[in-house]
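Colleague: build the 3D model from these lines:
(one chain, ligands or ions: 2)
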Amino acid sequence: MSEPAAPPTLEELAVVRARIADRLSDTARTIAVMSGKGGVGKTFVAVHLALALARRGLRVGLLDADLNSPSVAKMLGLRGQPLRATSSGLRPVPGPAGIAVQSMDFFLQGTQPLDWDGPAGEGSGVRSVLEEAALADLLGSTEWGALDALVVDLAPGPDRLPALVHLVPALGSALAVTIPSEVSLLAVERSVRRAHEAGIPMLGVVENMASSVCAHCGAEGPLFREASTDAIAAHLDLAVLARIPFDARAAAAADAGAPLAGGAGGAFDKLAEAALRGADA
Ligand SMILES: Nc1ncnc2c1ncn2[C@@H]1O[C@H](COP(=O)(O)OP(=O)(O)OP(=O)(O)O)[C@@H](O)[C@H]1O
Ligand SMILES: [Mg+2]
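Modeller: Ligands and ions are numbered 1, 2, ... in the order given. Next comes the predicted model:
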C-alpha cells in the first residue's frame, strides 16, 4: 500500500500560498459564497452575482471550489468546454457576459465522480488533505489575468471557508447564503461563527428563497413560514444584503445553462451593489 498523503509542511504551504497569491495578484476583490447548509442556493447566488457584476462592466472570474459536486459549468451551459493549457498556466473557460470560469467539471468526463480513494482505498482517511491540495492546484494553475472581482462558489459546510483562507490568507470577503428556515439558519449561524473565529471578513447574509414568484402571473408570495433571518443576522452583527425570491423561471433557466439576466426579480443587481460596497469598505 502506498504512503497516505501527509499534510503539507509549513515550507510547502508557504510555496503553495505564494503561487496562489501570484496568480491572484491582479485580482482587485475576492467574494466567497459560503453556507453551513447544503442546497440553499450558493451556486445559484454565485453564478447570478458573477453575472450581475459583469453586467456592471467589471472583469469577473468565477471559481467553482466545489470539487466533488461542481455545478457552475452546468448552470452556465459550459459543460464539456475544453480547457486551454498554455506554457504559463490553464486558461479559464470564457462564459456568458465575458466571465472567466474555472471548475473541476472541466477535468471530469461526463458524470464521472471525482475519485479520492485510489486502488487500495488509502485516500479516504486523508480526504480533506487531498481536497485542499487539489483546490490549491486549481487556484495555483489558473491564469486568471486581471480581474475586478473573483467570485468563489464553495461546497457546503462550516469548514470550507477556513480551508480556502488557509490557502488564500488575504481572501477579501465572504457572504453567507441561507434560506428562511430554522433548520438552515442553525447551520448557517454555526458556519458564520467559524468564519468569525478564523477572522474572515463577512459581507453579510443573503436570504435565498425568501419568497416565491408565480411562474404565470409574476406575483410574489411566501414560500417558507416566516423565520428569523433578520434576528440571526443581527445576532451575528451582519446585514441581510439581499432577499432573493424563489423564481421558477430562473430555476428552469439555470437548469438549461442560460441564467436569466433579471432573474429572481432583479434582486442580484441589488446584491452586486451591496457586495461591492462591502468588499470596498
Ligand atoms: N432563488 C432561486 N430561484 C429559483 N431556483 C433556485 C433559487 N435558488 C436556488 N435555486 C435552484 O435550486 C437548486 C439548488 O441550488 P444550488 O445548487 O445553487 O444550491 P447549493 O447551495 O449550491 O447546493 P450545494 O450545497 O449542493 O452546493 C438549483 O437547481 C438552483 O437552480
Ligand atoms: Mg453548490
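
Colleague: distance of residue 242 from residue 278?
Modeller: Going from residue 242 to residue 278 by Cβ to Cβ, to the nearest Å gives 11 Å. C-beta coordinates here come from the backbone N, C-alpha and C atoms, glycine included.

Colleague: do the helix or strand hosting residue 177 and ligand 2 meet?
Modeller: Per DSSP states H and E, residue 177 falls inside strand 173-178. No. If you take Cβ under 5 Å from the ion as the test, strand 173-178 misses ligand 2, and the best it gets is 9.4 Å.

Colleague: what's the first helix or strand after that strand?
Modeller: Next in sequence after strand 173-178, counting helices and strands by DSSP H and E, comes helix 182-197.

Colleague: hang on, the earlier thing: the more surrounded of residue 242 and residue 278?
Modeller: Applying other Cβ atoms under 10 Å to residue 242 and residue 278 shows that residue 242 carries more neighbours, namely 24 against 19.

Colleague: residues touching that one, list them.
Modeller: Residue 242 makes contact with 206-207, 267-268, 270-271, 274 under the criterion Cβ atoms under 8 Å, 6 or more residues apart in numbering.

Colleague: wait, doesn't residue 265 sit right on residue 246?
Modeller: No. Counting by Cβ atoms under 8 Å, residue 265 sits too far from residue 246 to count as a contact (10.2 Å).

Colleague: who touches both of the two?
Modeller: With Cβ under 8 Å, 6+ apart as the test, residue 265 and residue 246 both reach residue 213.

Colleague: outside of the strand holding residue 177, which residues touch it?
Modeller: 29-37, 40-42, 45, 161, 184-185, 188, 191-192, 195, 200-208, 229, 232, 238, 241, 275, 278-279.

Colleague: rerun at 6 Å
Modeller: If you take Cβ atoms under 6 Å, 6 or more residues apart in numbering as the criterion, strand 173-178 is touched by 31-35, 40-42, 45, 161, 184-185, 188, 192, 200-206, 208, 279.

Colleague: mind listing what's buried along stretch 74-83?
Modeller: 74-79, 81 (16 or more other Cβ atoms under 10 Å).

Colleague: for stretch 140-149, that is, sorry about that
Modeller: Buried, per 16+ other Cβ under 10 Å, within stretch 140-149: 140, 142, 144, 147-149.

Colleague: neighbours of residue 159, how many?
Modeller: 15.

Colleague: do residue 94 as well
Modeller: So residue 94, with other Cβ under 10 Å, has 13 neighbours.

Colleague: contacts for stretch 101-115 next, please.
Modeller: Under the criterion Cβ under 6 Å, 6+ apart, residues 62-64, 67-68, 70, 72-73, 78, 83, 92-93, 95, 142 lie in contact with stretch 101-115.

Colleague: out of those residues, grab the one that's most surrounded.
Modeller: Neighbour counts for these (other Cβ under 10 Å) peak at residue 62, which has 32 neighbours.

Colleague: would it be right to say that that one lies in a strand?
Modeller: Yes. The assignment for residue 62 by DSSP: H, G, I helix; E, B strand; the rest coil puts it in a strand.

Colleague: helix, strand, or coil at the closest residue to it other than its chain neighbours?
Modeller: Leaving aside its sequence neighbours, residue 62 sits nearest to residue 50 (Cβ to Cβ, 6 or more residues apart in numbering; 4.4 Å). Following three-state DSSP, we place residue 50 in the helix state.

Colleague: for burial, what's the neighbour tally of residue 50?
Modeller: 33.

Colleague: helices or strands up against the helix or strand containing residue 53?
Modeller: In this structure, residue 53 sits in helix 42-55 according to DSSP H and E. In terms of contacts (3 or more Cβ pairs under 6 Å, 6 or more residues apart in numbering; DSSP states H and E), helix 42-55 is packed against strand 30-34, strand 60-64, strand 149-153, helix 267-280.

Colleague: is it correct that the residue nearest to residue 62 is in contact with residue 63?
Modeller: No. At 9.8 Å, residue 50 does not count as touching residue 63 under the criterion of Cβ atoms under 6 Å.
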